[in-house]
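K.L.:
quick one, structure for this:
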Amino acid sequence: MDWESFFTVHQDLPREGPGSDEDVEWACALAEVAPEAVICDAGSGPGGDIAALLSCAPNGRVVAIDKYFGDAADRRYASDPRVRGIKADFADLNQLAEAPFDMIWSAGALYFLGLENALASMARALKPNGVLAFSEPCRLVNDPSPEAVAFFEGYPMRTGAEIAEFARQAGYDVLGQRTVSDAGWEAYFQPMEARIKTLRPKADNALSEMLDLCAKEAADWRTYKSEVGYMLTVLRSAS
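P.N.:
Got it, this is the predicted structure:
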């Protein structure tokens, strides 16, 4: 991975993964998140979901943590005392000063920990009856093509039903599930494609390779979106 080229492409994008305000609003409404809730946005990217989280908990707080973009989230909300952005790994959220949390929101990031490890780690950082809402790579058909599986780099994808059952075995109650919409994916890819177009004319070889890779990601999703995607799952922790 040429990280310099990666960050050149991704610098100042509004979000670092698929999702939408509607996803946040749906999850918070389903979980009846309180206006004063303390929420952790785990794997927040530059903070694309923070505004929607604050809308659901206007009297609460959001702690946004991301290994690469947490400082961008902090700058983005520097004037809002309800938000703290942290550039750090989110594997041990229970170590944060604000923990335990009323809700943990994680858009397309828990799979970096592996689902089993992630569910256990998140449980340690939640209050009794706290809420975990996350989007996870999933199979939308029983036997996706090898090309579709390769889109998530061979990650062991489950169906939505299998994700739900896995969460139940981990001690959570499943409140609901739905797939992340095409609009949520386009909210990630379209700004990235606009940036690719801007960078193309003056790109050196390394950056050109990264631009090609990022453009292929968007094209591949549009090709295989009927086979694989993200399942948004809302859970309640044990009391």
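
K.L.:
going by neighbour count, list what's buried in the longest strand along the chain.
P.N.:
Among all segments of the chain classified by DSSP state E, the strand with the greatest residue count is strand 126-139. If you call a residue buried by 16 or more other CB atoms under 10 Å, then strand 126-139 has these buried ones: 126, 130, 131, 132, 133, 134, 135, 136, 137, 138, 139. To be clear about C-beta, it is placed using only N, CA and C from the backbone, and glycine gets the same treatment.

K.L.:
now for the residues you listed, which pair is the farthest apart?
P.N.:
Pairwise distances across the buried residues of strand 126-139 (CB to CB) peak at 28.2 Å, for the pair 130 and 139.

K.L.:
contacts for the helix or strand residue 198 falls within next, please.
P.N.:
Taking DSSP states H and E as the criterion, residue 198 maps to helix 182-199. For helix 182-199, the surrounding residues in contact (CB atoms under 8 Å, 6 or more residues apart in numbering) are 8-10, 13-20, 22-23, 48, 207, 211, 214-215, 217-218, 221, 225, 229-230.

K.L.:
ok, 6 Å please
P.N.:
The contact list for helix 182-199, computed with CB atoms under 6 Å, 6 or more residues apart in numbering, reads 13, 14, 15, 17, 18, 19, 20, 211, 214, 215, 218.

K.L.:
would you mind listing the two of those residues that lie farthest apart?
P.N.:
20 and 211 (25.2 Å).

K.L.:
how far away is the residue nearest in space to the middle of the chain from residue 165?
P.N.:
Nearest residue to the geometric centre of the chain (CA atoms, centre = their mean): residue 107, 1.7 Å. Distance from residue 107 to residue 165, counting by CB to CB, to the nearest Å: 22 Å.
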